[in-house]
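Novice: Quick one, fold the following:
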Amino acid sequence: MKTYLKLRPRHRLFIEKYIECGCNGSEAIRQLGVEHKRPDVAAAKILARPEVKLAIEERWEDLLRQAGIRPERILLELAAVAFFNPQDLLDANGDLLPMRQWPKRGASAIGGFDVERRASRKGDEEIVTTTLKPRGPSAGAKIDALKLLGLYAKIPFAERREHSGPNGGPIPVAAAALISHDATEMDAARAYLKMLTGE
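Specialist: Below you'll find the model as predicted:
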């Protein structure tokens, strides 16, 4: 916070609004009530200052620390979702364990609860039974958590890239025949342009 505290008050105000507005400089300028024809330009000028960049980083770190957000905690929560196993919440007979007996890792992966209410009568008395059924993370949430963990662990996922020719069609290979081995870059560019335009 050293750099942040050394800034001019107007720059500190800008940083607070900038973070509050989801790192949108133009919106921060507008919300500060600054009359400017081009708030994006004004914000860019402020954000270009090295001391402002450093102060934003310091402020983010401070906010994350205050919120208890640490890299290891994020990894543990992602791992809980990615590796959630519903069997961890069951006893030896296959019945759901009471909540206070759930392992912490399994409990933090629960996406919510489905509430089931049943009414029955016993004589003149109506008895309502409420059952909570835990809902684990969705398949999409598990996949997303696994991807994030994989990226963090620098696992080289194969990235799929599709290429296409003109107008989304197949890639023509005829252009290669038009280019000789001693062709210049300009000759190659002309041949490619000829292929694309069909002339």
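Novice: what residues are up against D88?
Specialist: Contacts of D88 were listed using Cβ atoms under 8 Å, 6 or more residues apart in numbering, and they are 102-103, 105-106. C-beta coordinates here come from the backbone N, C-alpha and C atoms, glycine included.
Novice: Give the buried subset of these as a ChimeraX selection command.
Specialist: Those of those that count as buried under 16 or more other Cβ atoms under 10 Å are selected in ChimeraX with:
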select :102,105,106
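Novice: okay if I get the contacts of D88 as TSV plus distance to T131 and secondary structure?
Specialist: Converted to TSV, the contacts of D88 look like this (distance: Cβ to Cβ, whole Å; DSSP: H, G, I helix; E, B strand; the rest coil):
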residue	distance to T131	secondary structure
W102	16	coil
P103	21	coil
R105	24	helix
G106	19	helix
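Novice: From the contacts of D88, pick the one nearest L54.
Specialist: Nearest to L54 among these is R105, at 37.1 Å by Cβ to Cβ.
Novice: Now that closest one. Nearest residue, chain neighbours left out?
Specialist: A80 (4.7 Å; Cβ to Cβ, 6 or more residues apart in numbering).
Novice: I'd assumed the one you found was in a helix, is it?
Specialist: Yes. Assessed by DSSP: H, G, I helix; E, B strand; the rest coil, A80 belongs to a helix.
Novice: which helices and strands does the helix or strand where V52 lies pack with?
Specialist: Using DSSP states H and E, V52 sits within helix 50-67. Applying 3 or more Cβ pairs under 8 Å, 6 or more residues apart in numbering; DSSP states H and E, one finds that helix 50-67 makes contact with helix 2-6, helix 9-20, helix 39-47.
Novice: List the buried residues of it.
Specialist: Applying 16+ other Cβ under 10 Å to helix 50-67 flags 52, 55-56, 58-59 as buried.
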